[in-house]
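[1] build me a model from this:
(chains A and B)
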Amino acid sequence: AQKVTQAQTEISVVEKEDVTLDCVYETRDTTYYLFWYKQPPSGELVFLIRRNSFDEQNEISGRYSWNFQKSTSSFNFTITASQVVDSAVYFCALFNTNAGKSTFGDGTTLTVKP
Amino acid sequence: GAVVSQHPSWVICKSGTSVKIECRSLDFQATTMFWYRQFPKQSLMLMATSNEGSKATYEQGVEKDKFLINHASLTLSTLTVTSAHPEDSSFYICSARDRLVGEQYFGPGTRLTVT
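    I've put the predicted structure just below:
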């Protein structure tokens, strides 16, 4: 069985603050993919990043950065200098290559206040 | 880039009627499509996995006779909610897995309201 835990249900920050969204996962598979998605109020999922289990290199994309640590089964997401437009629900997901399906965390609602 | 469309984007129906939702991969072939349901302020829950030309695989607790899934071609899967009830009101999201590259792409979702 696999599981994704996003312990932070809601986070509220003031614009320009940095914020980190935590994601911890459980899986018995050695090959898997981890994802982060953004879901704005419109409901459509916006793909942010995919990382495979063999690639622990951290990644930075503009104000976004991701820290993947297999030793702690974590895949955390940091937004630097947050903006009001970053307000959304963020989901972490684990794709099981054997079962061929994804498991989503419960999501973290981020509110960035001006 | 790859696009997955859903139709309709929202639908309101009366209790007891059936509703069909279409999911299309627009510029790639998808041997596998997934149907998710998301209730307000909750996560996406996988309902079923459909493979082209074969019967869908339903997750535990999902009624296969109520949620009929048909994956008749490599670019189209349909979800029919039969005899809909107010508790079926939800946001239904499909995703399609590109046969060639293995990437999974999500549709924009369909908001179903049963009155």
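[2] got a pLDDT number for the residue nearest to residue B:94 when sequence neighbours are not counted?
    In this structure, residue B:94 finds its nearest non-sequential neighbour in residue B:23, 3.5 Å apart by C-beta to C-beta, 6 or more residues apart in numbering or on different chains. (Glycine included, C-beta is placed from N, CA and C.) Listed pLDDT for residue B:23 reads 96.
[3] residue 74: how many residues sit nearby?
    Since no chain was named, I'll use chain A. Residue A:74 has 16 neighbours, counted by other C-beta atoms under 10 Å in any protein chain shown.
[4] meant chain B actually
    16.
[5] what sits against it?
    B:25, B:29, B:30, B:31, B:52, B:99 (C-beta atoms under 8 Å, 6 or more residues apart in numbering or on different chains).
[6] got the residues of chain B near chain A?
    B:32, B:34, B:38, B:42-46, B:49, B:91, B:93, B:95, B:97, B:103-106, B:108-109, B:111 (C-beta under 8 Å from any C-beta of the partner chain).
[7] what about 7 Å?
    Neighbours of chain A within chain B, by C-beta under 7 Å from any C-beta of the partner chain: B:32, B:34, B:43, B:44, B:46, B:49, B:91, B:93, B:104, B:106, B:108, B:109.
[8] tell me which element the residue nearest to residue B:94 is part of?
    strand B:19-25 (DSSP states H and E).
[9] can you check residue B:102 too?
    Short version: residue B:102 belongs to no helix or strand, going by DSSP H and E.
[10] in chain B, what secondary structure element scores lowest on mean pLDDT?
    strand B:104-106 (a mean of 89; mean pLDDT, DSSP states H and E).
[11] now do the buried residues in the next helix or strand after it.
    Next helix or strand after strand B:104-106 toward the C-terminus (DSSP H and E): strand B:110-114. For strand B:110-114, a neighbour-count test (16 or more other C-beta atoms under 10 Å in any protein chain shown) marks B:110, B:112, B:114 as buried.
[12] buried ones in stretch B:42-50, by neighbour count?
    B:43, B:44, B:45, B:46, B:47, B:48, B:49, B:50.
[13] turn those into JSON lines, columns for pLDDT and secondary structure.
    As requested, the buried residues of stretch B:42-50 are arranged in JSON lines below (pLDDT from 0 to 100; DSSP: H, G, I helix; E, B strand; the rest coil):
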{"residue": "B:43", "pLDDT": "95", "secondary structure": "coil"}
{"residue": "B:44", "pLDDT": "95", "secondary structure": "coil"}
{"residue": "B:45", "pLDDT": "95", "secondary structure": "strand"}
{"residue": "B:46", "pLDDT": "95", "secondary structure": "strand"}
{"residue": "B:47", "pLDDT": "96", "secondary structure": "strand"}
{"residue": "B:48", "pLDDT": "95", "secondary structure": "strand"}
{"residue": "B:49", "pLDDT": "93", "secondary structure": "strand"}
{"residue": "B:50", "pLDDT": "91", "secondary structure": "strand"}
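[14] CSV for those residues, including distance to residue A:40?
    Formatted as CSV, the buried residues of stretch B:42-50 follow (distance: C-beta to C-beta, whole Å):
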residue, distance to residue A:40
B:43, 16
B:44, 15
B:45, 20
B:46, 22
B:47, 23
B:48, 26
B:49, 26
B:50, 27
